[in-house]
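In: Next comes the sequence, and after it the predicted model I'd like to discuss.
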Amino acid sequence: MNWVGRALMILLLTVAGLPAAAVMAQDKGDRETLRQEVVRRRAALMDKLGPNALCVIFSGEVKNYERDVDYLYRQDSNLYYLTGITQPDVTLVLLPGNSSAREILFIPDRDLSKETWFGKNLTREEADQISGISVIHSTAQFDSFLEATLSRRHFGPRRYARSTEFETFFSALDRGEAQTYLILENGPGLRGQANREWKLANRIRENFLGIQVRDVSKWLAGLRLVKSPYEISLLRRATTVTNHALNEAIKAINSGVKEFEIGALIEYVFRKSNTSGYGYPPIVGSGANATVLHYSPRDVAMKNGDLALMDVGAEYKQYSADVTRTVPVNGKFTSAQAEIYSIVLQAADAALTKVRVGSRISDVHERAVDLLKEGLLRVGLITDKDSEQYRLWFPHGVSHWLGMNVHDVGDRDEPFRPGMVLTVEPGIYIREAALDNLRKDPEQHKFLTAIEPALKKYKDIGIRIEDDVVVTDTSYELLSNGSPRTITEIEALMANRGKPSTRP
């Protein structure tokens, strides 16, 4: 390391308040923990696959932004979950029936000319250190390996050719009991263009008769659904940073501030806090824009008397938070805003009581909806709480799984177990346009007339409160309690606008 690098390292350590030795020890510990995690995960998956299986997992593809410029690369969640490797052009093969080469990794060869433009690829030794996989070949050899293996021919070092390494799988091929597993959950692709997995599945079916091609997605989703203590620590960090970013954003909100400025501030705090950025593009909407569920922040100035809704999540080591807070632009809720906010908060608090072992996402959803219906009826925005009228103002679900993807994989009907992580996010969005279809129906005239005064009073109010929750043995852990939820907490924080806060 040259003097510039040493100076930068000293600066970073000084800012963090940590001695160099402690940081290096922590990094080494994190790498070893990740290695142990991915070794355990592969073993768990191979137990489900059985000895007659061959499983192929591809890395994420590089996405082009414009001509010769690519988007920032993010590894496919399943490949990262099983290997811990973050670079593209990597393929993992699992052969549970093998004696030693049960896990085979294909990585790109080093190319010095490409490295000039895109940086250094992992060496085989480095890939082994990260993943715990010692059998590593070149990515360029994958097709030859697969064809040889499915044709009952040995591939690779001579020691395999002289051994019975692949004989369990070869015997399954002879009996017509061999299974090839791929990630096929997303279908064959859009606009008739098959993705890599479906192209490979079709090639196997056409060229290798008698081999069953199956989808491994469900088993991977089941494994990913319950988080380990290590994974929860990453989600806890992602949410801590998200809470800090929201607090900074709340203190920066004021009349005249642009939506995109708040979005940019949130992203800045994410990156400054040593995360990889966001798990999804920030949603920042004010006024009527707060009623649009997946609104993108624009060159719109926030106005005195409006609400600002922020739905954001930092991503830390490929694990994403997902937190929403809604605040008054001028620091004080109006009476109408406070009425709707109180309904949403009561629904959120009631839903949290259903987060316990044995419950389901549907239980959380139904409890929140009960409170939303009661509140909407009370303020005059619906006339019948036993109907679907509430869907006009609350059109989405209350919860989803959270993890490596912001809408993480897993069966939504699975009973809660310790280590599962989910969101709780009731909301109310008073969009006048939501009634456009009803206005075309003469039978809805009575309903529209009944709610007209309430619509006039609460029009353009959009409120969502979203929290990240870990199921524990006894109840739950609220990860997102570091940013204000109640009216009193929000107004108190906004009263301190302009004052600096400590880093997370």
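Out: Structure received.
In: quick one, helices of the stretch 101-250 of the chain?
Out: 112-118, 124-131, 142-150, 158-161, 167-175, 196-207, 217-225, 229-252 (DSSP state H, counting those that start in this stretch).
In: Tell me which of these lies nearest to Val93.
Out: helix 142-150 (7.5 Å; Cβ to Cβ). Yep, even glycine has a C-beta here, placed from its N, CA and C like the rest.
In: Going by neighbour count, list what's buried in that closest one.
Out: Neighbour counts using 16 or more other Cβ atoms under 10 Å place 142, 145-146, 149-150 of helix 142-150 among the buried residues.
In: so what secondary structure elements neighbour it?
Out: With contacts defined as 3 or more Cβ pairs under 8 Å, 6 or more residues apart in numbering; DSSP states H and E, helix 142-150 has these neighbours: strand 53-58, strand 91-94, strand 103-107.
In: among the ones you listed, which is nearest Tyr476?
Out: Tyr476 sits nearest to strand 53-58 of all the helices and strands packed on helix 142-150, at 32.0 Å, using Cβ to Cβ.
In: partners of whichever helix or strand comes after the closest one in the sheet?
Out: Counting by DSSP states H and E, the element after strand 53-58 in chain order, helix or strand, is strand 64-66. With DSSP bridges as the test, strand 64-66 is paired with strand 69-70 (antiparallel).
In: what comes into contact with the strand it pairs with?
Out: 62-64 (Cβ atoms under 8 Å, 6 or more residues apart in numbering).
In: For Pro281, state which of the residues you listed is nearest.
Out: Lys63 (14.4 Å).
In: For Leu184, give me the backbone phi and psi.
Out: phi -120, psi 20 (degrees, to the nearest 10).
In: same question, Val424
Out: phi -130, psi 110.
In: Arg356 and Ser475 touch, don't they?
Out: Yes. Arg356 lies in contact with Ser475 (Cβ atoms under 8 Å); the separation is 5.8 Å.
In: which residues sit against the host helix or strand of Ala368?
Out: Assigned by DSSP H and E, Ala368 falls within helix 361-379. Contacts with helix 361-379, where a contact means Cβ under 8 Å, 6+ apart, come from 339-340, 342-344, 346-348, 350-351, 353-355, 382-385, 389-390, 393-394, 397-400, 412-413, 422, 424, 426, 428, 454, 457-458.
In: let's go with 6 Å and repeat that
Out: By Cβ atoms under 6 Å, 6 or more residues apart in numbering, the residues outside helix 361-379 that reach it are 339, 343, 346-347, 350-351, 354, 382, 385, 390, 394, 397-399, 412, 426, 454.
In: which parts of that helix are buried?
Out: Going by neighbour count (16+ other Cβ under 10 Å), the buried part of helix 361-379 is 361, 363-365, 367-369, 371-373, 375-377, 379.
In: Let me know the average pLDDT across it.
Out: Averaged across helix 361-379, the pLDDT comes to 98.
In: now stretch 171-191
Out: 83.
In: how far does that stretch sit from the chain's center?
Out: 26 Å (Cα atoms, centre = their mean, to the nearest Å).
In: Any buried residues in that stretch, and which?
Out: Within stretch 171-191, the residues that count as buried by 16+ other Cβ under 10 Å are 171-173, 177-184.
In: Just put those in CSV and tack on distance to Asp467.
Out: Output for the buried residues of stretch 171-191, formatted as CSV (distance: Cβ to Cβ, whole Å):
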residue, distance to Asp467
Ser171, 52
Ala172, 48
Leu173, 50
Glu177, 48
Ala178, 46
Gln179, 41
Thr180, 41
Tyr181, 36
Leu182, 36
Ile183, 30
Leu184, 34
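In: Same list (the buried residues of helix 142-150) but as JSON lines, adding distance to Val56 and pLDDT.
Out: What follows is these, written out as JSON lines (distance: Cβ to Cβ, whole Å; pLDDT from 0 to 100):
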{"residue": "Phe142", "distance to Val56": "9", "pLDDT": "96"}
{"residue": "Phe145", "distance to Val56": "10", "pLDDT": "95"}
{"residue": "Leu146", "distance to Val56": "7", "pLDDT": "96"}
{"residue": "Thr149", "distance to Val56": "10", "pLDDT": "94"}
{"residue": "Leu150", "distance to Val56": "11", "pLDDT": "95"}
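In: For Val470, state which of those is nearest.
Out: Phe142 (38.1 Å).
In: Now do the same for the closest residue to that closest one other than its chain neighbours: its pLDDT.
Out: Sequence neighbours aside, Phe106 is the residue nearest to Phe142 in space, at 4.6 Å (criterion: Cβ to Cβ, 6 or more residues apart in numbering). If you check Phe106, the pLDDT there is 97.
In: With Ile130 instead?
Out: Ile130 carries a pLDDT value of 97.
In: again with Ile232
Out: Note for Ile232: predicted pLDDT of 98.
In: tell me the contacts of Gly118?
Out: No, residue 118 isn't Gly; it's Phe. By Cβ under 6 Å, 6+ apart, the contact set of Phe118 is empty.
In: Contacts for stretch 217-235 next, please.
Out: 33, 37, 44, 48, 78, 183, 185, 316-317, 319, 409-410, 417, 419-421, 470.
In: Which members of those residues are classed as buried?
Out: Applying 16+ other Cβ under 10 Å to those flags 37, 48, 78, 183, 316-317, 319, 409-410, 419-421, 470 as buried.
In: Quickly note the distance from Arg110 to Arg124.
Out: Between Arg110 and Arg124 the computed distance is 10 Å (Cβ to Cβ, to the nearest Å).
In: Okay, now the unreliable bits of the stretch 1-150 of the chain?
Out: The model of the stretch 1-150 of the chain has pLDDT under 70 over residues 1-27.
In: Could you give the bridge partners of the residue nearest to Phe142?
Out: Thr91, His137.
In: quick one: which of the helices and strands packed on helix 142-150 is nearest Asp311?
Out: strand 53-58 (30.7 Å).
In: Put together CSV for the buried residues of helix 361-379, with distance to His244 on each row.
Out: Below are the buried residues of helix 361-379 laid out as CSV (distance: Cβ to Cβ, whole Å):
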residue, distance to His244
Ile361, 28
Asp363, 31
Val364, 26
His365, 29
Arg367, 30
Ala368, 27
Val369, 31
Leu371, 29
Leu372, 29
Lys373, 35
Gly375, 31
Leu376, 33
Leu377, 38
Val379, 34
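In: of all the residues you listed, which two lie farthest apart?
Out: For those, and using Cβ to Cβ, no pair is farther apart than Ile361 and Val379, which are 27.1 Å apart.
In: Extract the C-alpha set from stretch 476-492 and format it as CSV.
Out: Output in CSV follows, covering the C-alpha atoms of stretch 476-492 (Å, rounded to 0.1, in the frame of the first residue of the first chain):
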residue,chain,number,x,y,z
TYR,A,476,-40.6,-10.2,17.9
GLU,A,477,-37.7,-7.8,17.6
LEU,A,478,-38.6,-4.5,16.0
LEU,A,479,-35.5,-3.6,13.9
SER,A,480,-36.9,-0.2,12.7
ASN,A,481,-37.5,1.4,16.1
GLY,A,482,-34.6,3.8,15.5
SER,A,483,-36.8,6.1,13.5
PRO,A,484,-39.8,7.9,14.9
ARG,A,485,-43.3,6.2,14.5
THR,A,486,-45.7,8.3,16.7
ILE,A,487,-46.9,11.8,16.0
THR,A,488,-45.2,13.0,19.2
GLU,A,489,-41.9,11.4,18.2
ILE,A,490,-42.0,12.8,14.7
GLU,A,491,-42.9,16.3,15.7
ALA,A,492,-40.2,16.3,18.4
